[in-house]
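Peer 1: Next input, structure requested:
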Amino acid sequence: ISALQIARALDLPSPTAQQIAVIEAPLDPALIVAGAGSGKTETMANRVLWLLANRLVRPGEILGLTFTRKAAGELSARIRLRIEQLGVAGLVDSDYDAFDTPQVSTYNSFANAIFRDNALLIGRESDGSILGAASAWQLARSIVVASGDERLVELGKRVDDVTKAVLALDAAVSENIVDVAEVRAMAARFAGLADLPPGGTGRYEAVETLAGTVASLAVLLDLAEQFADAKRRRGFVEFSDQVALALQIVRGAPRVATEFREQFRVVLLDEYQDTSVVQTWLLAELFAAHPVMAVGDPNQSIYAWRGASAANLESFADQFGRDGSVRHFNLATSWRNGHGILAVANALVEPLLPHTRVHVETLAAGPRASDLPVEVTFEETVIDEAAAAALWLK
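Peer 2: Numbering: from 1, shown residues only. Here you go, the predicted structure:
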């Protein structure tokens with residue numbers, strides 16, 4: 001049953017040739033570069049319909065992961081609605097179970113479920129509480145205040161500044177799966193730069209300042225370890241810990257990965273350009289060489305500040321491919337934007353394209369796109385710019 005037949009049966013717009021290629025793709029690892037407004041959510045939902053209509057999988061054998069609860073809710077609702085329409089059209093088995101639905105969640109919720117179900121394998125309690133931002137701050141601050149480490153005086157920082165640094169360092173250690181001893185050794189080596197002879201041009205103040213900053217990692221790492229130990233003793237888990245703990249479980253107990261591969265025969269990964277390194281490690285441990293379809297766009301990467309890397313798109317074939325190869329697709333028709341604003345957007349991202357090995361097609365406007373003009377203003381200050389934006393909106 002083709003994607004066009006399904007669209008006609010459900011009275012949906014006919015998919016484009018690019019969308020059909022994605023919807024009807026074989027059950028192989030695949031990477032889809034989907035530009036802004038290119039209908040990726042609808043395409044993913046229609047991919048699910050095609051799989052079900054052709055009896056390739058059951059609904060409960062499909063796993064969909066995305067970033068925010070809002071996006072997960074929208075994708076889940078879209079898929080449920082489409083499956084109901086598929087049932088009304090008679091394109092699913094008569095014994096279809098309405099409660100056997102695809103599992104759609106956020107990356108962190110998925111990792112947390114792995115941890116909760118298997119916490120005992122790494123000597124942790126499965127019923128520990130999620131430590132919110134305010135509680136984490138309170139716990140970290142109490143550790144800083146109680147510390148008698150004389151090196152803290154040398155930092156010359158306020159208690160709140162040290163607390164913020166401890167929390168950031170603890171999260172960075174979790175999200176990058178690093179050995180604290182190696183970080184401590186790196187900091188010691190880097191601090192040694194300040195002791196090198198200055199050479200013919202005199203002192204390098206910027207280098208000395210940076211070396212002093214990195215040297216402060218030693219005491220902060222000690223406090224971060226105390227904070228992590230306090231969380232562990234009390235059974236607390238932060239959001240930044242969830243994926244790292246899940247990865248520890250999967251690497252230590254291969255049967256967990258086997259169970260997930262048997263449970264989910266098809267995996268859809270949304271907003272893949274914003275996954276962090278540790279998230280991709282977890283997913284690759286679970287689903288390498290499995291029918292994984294990742295959707296992303298390096299031009300829309302917005303989570304670099306917390307460890308995400310658009311380079312994950314470039315390494316997708318190495319991590320998930322069969323013999324290092326995956327199928328590549330593009331969605332390059334923007335249904336959201338008019339001709340004018342799309343031309344401006346394409347001009348803005350053009351200088352970025354040579355910096356990624358992922359092939360990104362230039363976005364083209366849809367057949368019903370508007371021809372509204374684009375207004376541009378350049379202001380001297382941020383305040384003037386904000387006033388101009390407010391005036392335009394008004």
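Peer 1: Going by C-alpha atoms from here, please, whenever you check contacts or count neighbours.
Peer 2: OK.
Peer 1: Please verify my assumption that Leu63 contacts Pro102.
Peer 2: Yes. Leu63 lies in contact with Pro102 (Cα atoms under 8 Å); the separation is 5.9 Å.
Peer 1: what's around Ala7, how many residues?
Peer 2: For Ala7, the number of neighbouring residues by other Cα atoms under 10 Å comes to 17.
Peer 1: residues contacting it?
Peer 2: By Cα atoms under 8 Å, 6 or more residues apart in numbering, the residues touching Ala7 are Pro13, Ser14, Pro15.
Peer 1: and the gap between the second one and Gln5?
Peer 2: So the one you mean is Ser14. Plainly put, Ser14 is 9 Å away from Gln5 if you go by Cα to Cα, to the nearest Å.
Peer 1: same deal with the first one?
Peer 2: Note on Pro13: its distance to Gln5, by Cα to Cα, is 11 Å.
Peer 1: So for those two, which residue has more residues nearby?
Peer 2: Per other Cα under 10 Å, whichever of Pro13 and Gln5 has more neighbours is Gln5, with 12 against 9.
Peer 1: chain center to whatever helix or strand Asp222 lives in, what's the gap?
Peer 2: Per DSSP states H and E, Asp222 falls inside helix 217-234. In this view, helix 217-234 has its centroid 26 Å away from the chain centroid, taken as Cα atoms, centre = their mean, to the nearest Å.
Peer 1: List the neighbours of that helix that are in contact with it.
Peer 2: Residues from elsewhere that reach helix 217-234 (Cα under 8 Å, 6+ apart): 124, 128, 139-140, 143-144, 149, 151-152, 162, 165-167, 169-170, 180, 184, 187-188, 237.
Peer 1: Let me see the residues that make contact with the helix or strand that comes right after that helix.
Peer 2: With elements assigned by DSSP H and E, the helix or strand that comes after helix 217-234 is helix 239-252. Under the criterion Cα under 8 Å, 6+ apart, residues 108, 111-112, 114-115, 118-119, 121-122, 130-131, 171, 174-175, 177, 256-257, 278-279, 281-282, 285-286 lie in contact with helix 239-252.
Peer 1: Restrict those to the buried ones and give me that as a ChimeraX selection.
Peer 2: To isolate the buried ones among the contacts of helix 239-252 in ChimeraX, judged by 16 or more other Cα atoms under 10 Å, type:
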select :108,111,112,114,115,118,119,130,131,171,174,175,177,256,257,278,279,281,282,285,286
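Peer 1: Just the contacts of helix 239-252: which are in helices?
Peer 2: Using DSSP state H, the subset of those located in helices is 108, 111-112, 114-115, 118, 171, 174-175, 256-257, 278-279, 281-282, 285-286.
Peer 1: Spell out for me which residue occupies the centre of the chain.
Peer 2: The structure's the chain has its C-alpha centroid closest to Thr275; by Cα atoms, centre = their mean the separation is 2.5 Å.
Peer 1: hang on, isn't Phe316 packed against Leu31?
Peer 2: Yes. In this structure, Phe316 is within contact of Leu31 by Cα under 8 Å, at 7.5 Å.
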